[in-house]
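J.: coordinates only, sequence not included:
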């Protein structure tokens, strides 16, 4: 009962604190935008499924909608019960959703952009390879686990089905040696206290960068949004993006 009370309290406070924190965190320690010469548009419409993280809904990914749409992508929001099922279960359900989306428009490339837990299940869902899936971008992914999950799994394990898998105690949900089924890029946040940079590492990723920002708000930043689009268009991040 105590765990449930504190979990509700934390989430309740977060709902009104998040906008205030966003204002204070988005503008600091930023990188310049990409140069105008960089092509950040697709020639024809392509689809992108955006996948939110733990405790969130599809609305959390709204900051990506306009920049992705302006670049020629059709944005598909995916919502799932982030606290009620294991990482593997969530990955299987997203995989079926992606298979269904490909069947609806087999000639249109389909990409996936996920944040935090959503980034992990994006890789789970696209491995093995799904024909028709293009590229996957992970934002602040706890691939090798999170110390936050590790410290709270005892208290919150009965409330958050995925927390033990998200813990860094046993190597995380995508341990060393994991090879994603699609072309995958990883974006870590420099000021991420929930998932430090070294725990975002993915063996089979084709590119991995780190950008200014916190765990929750890194993708609200213009430069992060441009890097996401750059990867979806070119299959890599920009040449001057900071790399580990």
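T.: Nice, I can see it. Predicted model only: the values in this text are computed from it and were never measured.
J.: C-alpha from now on. contacts and neighbour counts both.
T.: Will do.
J.: Roughly how far does the residue sitting nearest the centre point of the chain sit from residue 41?
T.: Taking C-alpha atoms, centre = their mean, the centroid of the chain lies closest to residue 115, which sits 2.0 Å from it. Here residue 115 is placed at a distance of 22 Å from residue 41 (C-alpha to C-alpha, to the nearest Å).
J.: mind checking the backbone torsions on the residue nearest to the centre of the chain?
T.: Per-residue torsions, residue 115: phi -120, psi 130 (degrees, to the nearest 10).
J.: need the next SSE after the helix or strand bottoming out on mean pLDDT in the chain, C-terminal direction.
T.: One helix or strand of the chain scores below all others by mean pLDDT, DSSP states H and E: helix 2-26, with a mean of 42. Following helix 2-26 in sequence order, the next helix or strand is strand 46-51 (DSSP states H and E).
J.: Give me the distance between the following helix or strand past that next one and the centre of its chain.
T.: Under the assignment DSSP H and E, the closest C-terminal helix or strand after strand 46-51 is helix 65-70. Counting by C-alpha atoms, centre = their mean, to the nearest Å, helix 65-70 is centred 16 Å from the centre of its parent chain.
J.: Please work out the average pLDDT along helix 65-70.
T.: Per-region confidence: helix 65-70 scores 97 on mean pLDDT.
J.: Would you tell me what the next helix or strand after it is?
T.: Past helix 65-70, heading to the C-terminal end, the next element that is a helix or strand (DSSP H and E) is strand 73-78.
J.: Given that following strand, what are its sheet partners and their directions?
T.: Next to strand 73-78 in the sheet, as set by DSSP bridges, lie strand 46-51 (parallel).
J.: Now do the strand it pairs with: everything it contacts.
T.: Contacts of strand 46-51 from elsewhere in the structure, counted by C-alpha atoms under 8 Å, 6 or more residues apart in numbering, are 58, 61, 72-79, 108-115, 118-119, 122.
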